[in-house]
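Engineer: Sequence and computational prediction follow.
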Amino acid sequence: MTTLQTVFAKAKADERAALVGYLPAGFPTKDGAIAAATAMVEAGCDVIEIGLPYSDPLMDGPTIQDAVHRALTNGTRIADVLRTVEGVAKTGAATLVMTYWNPIDRYGAERFARDLANAGGVGTITPDLTPEEAGPWRQASAGAGIDTVFLVAPSSTGERIQAVADCCTGFVYAASLMGVTGARESVSSGAQDLVERTRAHTDLPVCVGLGVGTGAQAAEVAGYADGVIVGSAFIRRLLDAPDEASGLAAVRELGAELAAGVRRA
């Protein structure tokens, strides 16, 4: 199993940033999610975040909301998320689950951590779980041997960044802007400052997400971050495709563009 530590060490040795791709389980179909994530890996993604579809996605913009709605309509449940993780992990990519806290809480923290590890998952990203409430999940994750990733934002004070960094074991997720997910014409000018401020509080890799959708943007972010996270741009390619084969081809094309971008930096 490829760990996050292995991924970032290899990327650093190659003098580049890691490329992290996001896709919700169950989209465009349950099997289609595995196929699309596999295509992302084949095109150059080092890490894959599998989204756990949730009915109240506070952080997600319209593109991801659309994909999540379709996944829920497809009847996607936690068992399907774990099956997706298992399928993607077989590619050799480090595979995480990105989820809001409520589904884990209802499923049971220790049970979820154990089942995720058994499926080949290496950790989670929990965007709405605060450091003050993260103790039980950190304990369950440590017991299962999986990493925890939490978010810092441009509004985060130094004290807050330290508190978040202290909860992370895999990497720190730096949200490039205040707002919801979605590819944009340019990456927030505050992203680099946030990365620099975060590095003052941790030796963990710092990855930037929200707003990246092109190879040029990936190259820009890779110039100062340890990892570049892309989600909505991949999903948009699948949403716009007339059929699954065309969607997979579009995902591979974008993945190759982004992979070239993180290496160009």
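Structural biologist: On my side now, so go ahead.

Engineer: Where is the longest strand in the chain?
Structural biologist: Of all segments of type strand in the chain, defined using DSSP state E, the longest is strand 18-24.

Engineer: This structure: helices as residue ranges?
Structural biologist: Taking DSSP state H as the test, the helices found in the chain are 4-13, 30-43, 62-73, 78-89, 101-107, 109-118, 135-144, 158-167, 191-199, 215-222, 232-240, 244-264.

Engineer: so what's residue 56 up against?
Structural biologist: Residue 56 makes contact with 100, 102 under the criterion C-beta atoms under 8 Å, 6 or more residues apart in numbering. All C-beta spots, glycine's among them, are computed from the backbone N, C-alpha and C.

Engineer: and the gap between it and residue 20?
Structural biologist: Distance of residue 56 to residue 20, given as C-beta to C-beta, to the nearest Å: 24 Å.

Engineer: Ok, residue 38 next?
Structural biologist: Residue 38 is 15 Å from residue 20, by C-beta to C-beta.

Engineer: okay, these two: which has more neighbours?
Structural biologist: residue 20 (30 against 20; other C-beta atoms under 10 Å).

Engineer: where's the more buried one relative to residue 234, distance?
Structural biologist: From residue 20 to residue 234 the distance is 11 Å (C-beta to C-beta).

Engineer: Over to residue 227?
Structural biologist: Counting by C-beta to C-beta, the gap from residue 227 to residue 234 is 15 Å.

Engineer: same deal with residue 95?
Structural biologist: From residue 95 to residue 234 the distance is 15 Å (C-beta to C-beta).

Engineer: what does residue 44 give?
Structural biologist: 12 Å.

Engineer: Could you do residue 7 as well?
Structural biologist: Relative to residue 234, and taking C-beta to C-beta, residue 7 is found at 18 Å.

Engineer: Could you check which of these two has the larger neighbour count?
Structural biologist: residue 234 (28 against 23).

Engineer: How far off centre is the lowest-mean-pLDDT helix or strand in the chain?
Structural biologist: The weakest-scoring helix or strand in the chain, judged by mean pLDDT, DSSP states H and E, is helix 62-73 (a mean of 93). Averaging C-alpha positions (C-alpha atoms, centre = their mean, to the nearest Å) puts helix 62-73 16 Å from its chain's average.

Engineer: and it, which residues are buried?
Structural biologist: Using 16 or more other C-beta atoms under 10 Å as the test for burial, helix 62-73 gives 63-64, 66-68, 70-72.

Engineer: what comes into contact with it?
Structural biologist: So helix 62-73 is contacted by 23-28, 33, 51, 53-55, 57, 60, 181-183, 231-232, 235-236, 238-239 (C-beta under 8 Å, 6+ apart).

Engineer: pLDDT score assigned to the residue nearest the centre of the chain?
Structural biologist: Centroid-nearest residue in the chain: residue 49, 3.8 Å away (criterion: C-alpha atoms, centre = their mean). The confidence metric pLDDT takes the value 98 at residue 49.

Engineer: From here on, call the first residue 25.
Structural biologist: Okay, using 25 as the starting number, the last item reads as residue 73.

Engineer: give the contact list for it.
Structural biologist: Residue 73 makes contact with 44-47, 120-122, 149, 253, 255 under the criterion C-beta under 8 Å, 6+ apart.

Engineer: Distance to residue 289 and pLDDT for those - can I get that in TSV?
Structural biologist: Shown next, in TSV, are the contacts of residue 73 (distance: C-beta to C-beta, whole Å; pLDDT from 0 to 100):
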residue	distance to residue 289	pLDDT
44	15	98
45	17	98
46	20	97
47	23	97
120	23	98
121	28	98
122	24	97
149	23	98
253	15	97
255	20	95
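
Engineer: ok, residue 288 - contacts?
Structural biologist: Contacts of residue 288 (C-beta under 8 Å, 6+ apart): 239, 243, 246.

Engineer: Point out where the protein drops to low pLDDT.
Structural biologist: 25, 81, 201-213 (pLDDT under 70).

Engineer: could you measure the nearest residue to residue 53 once chain neighbours are set aside against residue 118, distance?
Structural biologist: Distances taken as C-beta to C-beta, 6 or more residues apart in numbering place residue 98 nearest to residue 53, at 6.2 Å, with adjacent residues excluded. Using C-beta to C-beta, one gets 26 Å for the distance from residue 98 to residue 118.
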